[in-house]
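Enquirer: how would this look folded up:
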Amino acid sequence: MTNQFPIALTDAVAPTLMWANPDEVEPAALEQLRNIAALPWVEGLRVMPDVHLGKGATVGSVVAMRDAVAPSAVGVDIGCGMAAVRSNLTVADLPDDLGPMRASIEAAVPVGFNSHNGVSRAVTDDTRLNYAFDTMYAGFKTLHADVSDRETRALSQCGTLGGGNHFIEVCADDAGQLWIMLHSGSRNIGKEIAERHINKAKGLLHNADLPDKDLAVFLAGTPGMTEYLHDLYWAQDYALLNRRVMLSLVMGAVEKHLPTIWFDETITCHHNYVAEETYDGVDLIVTRKGAIRAGAGQWGLIPGSMGTGSYVVKGLGNPLSYQSASHGAGRRMSRNAAKRAFTTKDLEAQTFGVECRKDAGVVDEIPAAYKDLRAVIEAQSTGPEPLVEVHARLTTLLCVKG
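Expert: Below is the predicted model of the structure:
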């Protein structure tokens with residue numbers, strides 16, 4: 001049966017439309033959404049089909065505010081997002097054993113807590129990346145004073161994956177064409193910037209009576225909001241460059257095993273970020289936490305978990321959603337719950353046929369810990385108010401995790 005999304009969330013003060021069934025969303029997340037909608041500055045709240053409980057603001061939410069911004073509605077991984085590129089080769093060109101290719105990628109891109117020894121060679125070897133890197137880092141000295149001692153770490157982490165749900169994948173679309181896709185954000189520097197501004201906002205008088213201190217906001221026209229947006233936009237640029245550098249390193253690693261490979265234009269999108277947008281003549285500050293912009297004709301990437309593949313989509317520019325769509329499948333259970341519920345044997349079974357880690361360190365990323373990606377895509381690509389159209393479905397062949 002065709003879905004009837006969006007559904008209005010009952011008892012929400014600001015208009016709240018959901019591309020998810022409220023009966024299937026955890027009660028704590030619904031309460032969190034109602035807390036957000038009750039903020040006096042919220043013009044509207046939109047909820048994506050991958051919605052789940054987050055810190056302060058719900059993951060899979062799009063918050064449109066007048067004259068205010070809530071740092072927790074972005075989150076601590078400022079600018080986290082996706083990048084993908086299609087190649088000229090197909091599955092038939094791959095070697096039988098993808099293990100050496102995975103090892104090459106892992107050798108080229110630091111994962112987990114690891115970093116480059118100084119600036120990545122991809123930056124020094126590529127004139128375009130070097131220019132972007134130098135331009136961005138010219139602004140480091142203007143950031144929040146408390147992060148000044150993080151400069152060396154930020155330099156060495158540009159072009160690194162991190163851990164958690166971040167990944168690098170080699171995929172194939174339904175026609176067999178090979179793609180490279182990756183997911184990462186602003187690393188430690190984004191977290192440091194976010195935490196300092198969140199703590200500052202919590203201490204402001206106008207936030208004293210909020211139902212959740214993590215929803216503290218900065219108000220337009222104040223130094224706090226000016227400083228936060230300045231630092232946030234820098235961190236978003238850092239996250240974008242981080243993905244560009246990683247993609248360069250991954251393409252180089254893959255080329256060692258497939259010397260005739262070449263690549264199309266890169267698709268990239270943030271899914272934890274702020275944008276200043278206008279709807280119905282009203283200037284709004286829109287924060288997307290676990291959501292991508294889906295403007296008309298705009299390319300987007302919606303990944304699943306390791307082993308479940310991803311989707312390449314085009315936005316339909318639906319104003320009802322503030323031109324937004326989901327950022328992925330979304331978790332259906334916490335990391336700790338997943339570790340309790342599943343074993344490495346379960347992980348091996350659920351990632352059968354995928355060249356990837358299958359150890360205890362990534363059990364919390366097991367596909368069963370996430371929502372059904374097909375259902376998430378269907379909720380936003382069908383029905384009376386679709387958000388995206390599907391361009392390609394990608395099947396995971398190789399996955400690198402931190």
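Enquirer: report the central residue of this structure.
Expert: Of all residues in the chain, the one closest to the mean position by C-alpha atoms, centre = their mean is residue 81, 3.5 Å from it.
Enquirer: how near is that residue to residue 249?
Expert: In this view, residue 81 and residue 249 are 17 Å apart by C-beta to C-beta, to the nearest Å. For the C-beta atoms, the positions are set from N, CA and C on the backbone; glycine is no exception.
Enquirer: what of residue 331?
Expert: Distance from residue 331 to residue 249, by C-beta to C-beta: 28 Å.
Enquirer: higher neighbour count, those two?
Expert: Taking other C-beta atoms under 10 Å, residue 331 and residue 249 do not tie; residue 249 has more neighbours (26 against 23).
Enquirer: the closest residue to residue 104 other than its chain neighbours - how many residues pack around it?
Expert: Spatial nearest neighbour of residue 104, excluding adjacent residues (C-beta to C-beta, 6 or more residues apart in numbering): residue 253 at 4.1 Å. For residue 253, the count of nearby residues is 21 (other C-beta under 10 Å).
Enquirer: I'd say residue 253 and residue 103 touch.
Expert: No - here residue 253 lies out of contact with residue 103, judged by C-beta atoms under 8 Å, at a distance of 9.0 Å.
Enquirer: so where's the chain shaky on pLDDT?
Expert: 1-2 (pLDDT under 70).
Enquirer: can you give me the helices for it?
Expert: 27-37, 99-108, 121-125, 127-137, 151-157, 187-202, 223-255, 335-341, 344-350, 373-381 (DSSP state H).
Enquirer: between those, which one is nearest to residue 325?
Expert: Comparing the helices of the chain against residue 325 with C-beta to C-beta, the closest turns out to be helix 373-381 (5.5 Å).
Enquirer: CA atoms of the closest one as CSV?
Expert: The C-alpha trace of helix 373-381 is given here as CSV (Å, rounded to 0.1, in the frame of the first residue of the first chain):
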residue,chain,number,x,y,z
LEU,A,373,17.2,0.7,4.4
ARG,A,374,14.7,-0.2,1.6
ALA,A,375,11.8,0.8,3.9
VAL,A,376,13.5,4.1,4.7
ILE,A,377,14.0,4.8,1.0
GLU,A,378,10.4,3.8,0.1
ALA,A,379,9.0,6.2,2.8
GLN,A,380,10.6,9.2,1.1
SER,A,381,10.5,8.2,-2.6
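Enquirer: who are the packing partners of it?
Expert: Applying 3 or more C-beta pairs under 8 Å, 6 or more residues apart in numbering; DSSP states H and E, we find helix 373-381 packed against strand 42-52, strand 299-303, strand 310-315, strand 324-326, strand 388-401.
Enquirer: closest to residue 372 out of those?
Expert: strand 42-52 (9.9 Å).
Enquirer: isn't residue 191 up against residue 76?
Expert: Yes - using C-beta under 8 Å, residue 191 is in contact with residue 76, at 4.5 Å.
Enquirer: now the common contact residues for these two.
Expert: Counting by C-beta atoms under 8 Å, 6 or more residues apart in numbering, no residue touches both residue 191 and residue 76.
Enquirer: quick revisit: and the helices and strands packed on helix 373-381, which is most packed in?
Expert: Neighbour counts (mean count of other C-beta atoms under 10 Å) averaged over each of the helices and strands packed on helix 373-381 peak at strand 324-326, with a mean of 32.
Enquirer: and stretch 6-19, which residues are buried?
Expert: Of all the residues in stretch 6-19, those buried under the rule 16 or more other C-beta atoms under 10 Å are 6-7, 9, 12, 14, 16-19.
Enquirer: over to it now: how far is its first residue from its last?
Expert: In stretch 6-19, first residue to last residue: 5 Å (C-alpha to C-alpha, to the nearest Å).
Enquirer: likewise for stretch 87-100?
Expert: Taking C-alpha to C-alpha, the first and last residues of stretch 87-100 lie 19 Å apart.
Enquirer: likewise for stretch 158-170?
Expert: For stretch 158-170, the first-to-last residue distance is 21 Å (C-alpha to C-alpha).
Enquirer: now do it: distance to the chain's middle.
Expert: In this view, stretch 158-170 has its centroid 11 Å away from the chain centroid, taken as C-alpha atoms, centre = their mean, to the nearest Å.
Enquirer: ditto for stretch 367-377
Expert: Chain-centre distance of stretch 367-377: 16 Å, with C-alpha atoms, centre = their mean.
Enquirer: now stretch 261-273
Expert: How far stretch 261-273 lies from its chain's middle: 12 Å, per C-alpha atoms, centre = their mean.
Enquirer: in that stretch, which residues are buried?
Expert: Neighbour counts using 16+ other C-beta under 10 Å place 261, 263, 266-273 of stretch 261-273 among the buried residues.
Enquirer: nice, that's everything, thank you.
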